[in-house]
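**Q** Coordinates for the following, if possible.
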Amino acid sequence: MDALQAARFSVVVPTLNESGNVAELVARLAQVLGGVPWEVIFVDDDSQDGTREVLRELARRDGRVRMIHRIGRRGLSSAVVEGVLASAAPFVAVMDADLQHDESLLPRMFHALNSGEAELVVASRYMEGGGVGNWSDSRRRLSRLASRATQLLLPGAALSDPMSGFFALRRETFDEAARRLSGIGFKILLDIASSLRRNVALRELPYRFRTRHSGQSKLSGQVLWEGLLLLLDKRMGGILPLRFLAFSLVGGLGVAVHAAVFAAARIFLGAAFVHAQTAAVGVALSFNFLVNNRITFGESRLRGWALLRGWLSFSLACSIGAIANIALATFLHDKAGLSSLLAVPAGIAVGAVWNYSISSFYTWKVAR
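**A** Prediction:
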């Protein structure tokens, strides 16, 4: 591809520790996309296994290979958004670097978009001719459950596989959705489709999900959680940030944990009130921290000694939040004359916003 033949088809590939796969993927793209002016944009989340070095060498030898190196930012959805925005091509595809997606579908995707037949082309595992390979029964059930649940989010769409990570679309279709995207988590197709707020000219192509070529899988049951959060976020019109919504739901679970520990300490151990309350607060706070670390801030997850530092930071933030909660609720009830039904929720809301804001910036150091 020379300067007079700009790419008309950009393939965006998020990477995190995929050094054993990227060269093979580029070779396969070159083989199947002959005759199509294409480029591949790898968006690397600061891999530590030599992925960037491999990509730089590939880019030196082939001008169709580009790389965006991200430091301090992580997550598949946000990587896809940055990759698409870095492209000038009228058509863009998204696929994984692990070679589980069938690259032979890419020419059909391009021609469906280029001909005007479709503005969104999705590779589906769940239509006739598709499949999920050698997945375990539990993973099959989880994926099916996630796909069915997210159909509630897209009642007007005919997507058989809304959780697919392999798709292509017209650039203007992406631009239409871009400012409403959450950019969080793994399920960028679901985010795009639900942000368009209209039915799109859609084509689905069946494919069989292949076995990972090299490296470790990075997905888990968190996918279902993220899909459900996205559903709530879009149903609520994006009033609350998606991450704050997750933080609040975890806090609600923490209340149940608090109540269970307190009751168990009082009933089964005969603990004094202050001891039962102290134990319940400690367990619930630790529960909230660990669950938020795993799912709400999964892309900034703390490990090792950073986990202890984060727990201390989170505990301090929540302690101050509890004080703010009590102070505001008491003032509104005793001084302003509000009923408990109004004063208590107001205190809880202020405490939640404080806890989320401070822990986001100081515990997990999230910039947005």
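
**Q** need the helices for this structure, in chain order.
**A** 22-32, 51-61, 76-85, 106-114, 137-150, 171-178, 188-195, 222-235, 242-267, 273-291, 305-330, 340-358 (DSSP state H).

**Q** Same list (the ones you listed) but as a markdown table, adding distance to I41, mean neighbour count and mean pLDDT.
**A** (C-beta placed from N, C-alpha, C; glycine too.) Shown next, in a markdown table, are those (distance: least, Cβ to Cβ, whole Å; neighbours: other Cβ atoms under 10 Å; pLDDT from 0 to 100):
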| stretch | distance to I41 | mean neighbour count | mean pLDDT |
| --- | --- | --- | --- |
| helix 22-32 | 12 | 17 | 96 |
| helix 51-61 | 10 | 16 | 96 |
| helix 76-85 | 5 | 22 | 92 |
| helix 106-114 | 14 | 20 | 97 |
| helix 137-150 | 27 | 15 | 65 |
| helix 171-178 | 13 | 16 | 94 |
| helix 188-195 | 14 | 24 | 85 |
| helix 222-235 | 24 | 19 | 65 |
| helix 242-267 | 25 | 17 | 87 |
| helix 273-291 | 34 | 17 | 88 |
| helix 305-330 | 31 | 16 | 87 |
| helix 340-358 | 33 | 16 | 82 |
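
**Q** Same list (those helices) but as JSON lines, adding distance to A201.
**A** Converted to JSON lines, these look like this (distance: least, Cβ to Cβ, whole Å):
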{"stretch": "helix 22-32", "distance to A201": "24"}
{"stretch": "helix 51-61", "distance to A201": "34"}
{"stretch": "helix 76-85", "distance to A201": "19"}
{"stretch": "helix 106-114", "distance to A201": "9"}
{"stretch": "helix 137-150", "distance to A201": "20"}
{"stretch": "helix 171-178", "distance to A201": "9"}
{"stretch": "helix 188-195", "distance to A201": "13"}
{"stretch": "helix 222-235", "distance to A201": "21"}
{"stretch": "helix 242-267", "distance to A201": "28"}
{"stretch": "helix 273-291", "distance to A201": "40"}
{"stretch": "helix 305-330", "distance to A201": "46"}
{"stretch": "helix 340-358", "distance to A201": "39"}
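
**Q** Tell me which of those helices sits nearest to I68.
**A** Closest to I68 of the helices of the chain is helix 76-85 (Cβ to Cβ; 6.0 Å).
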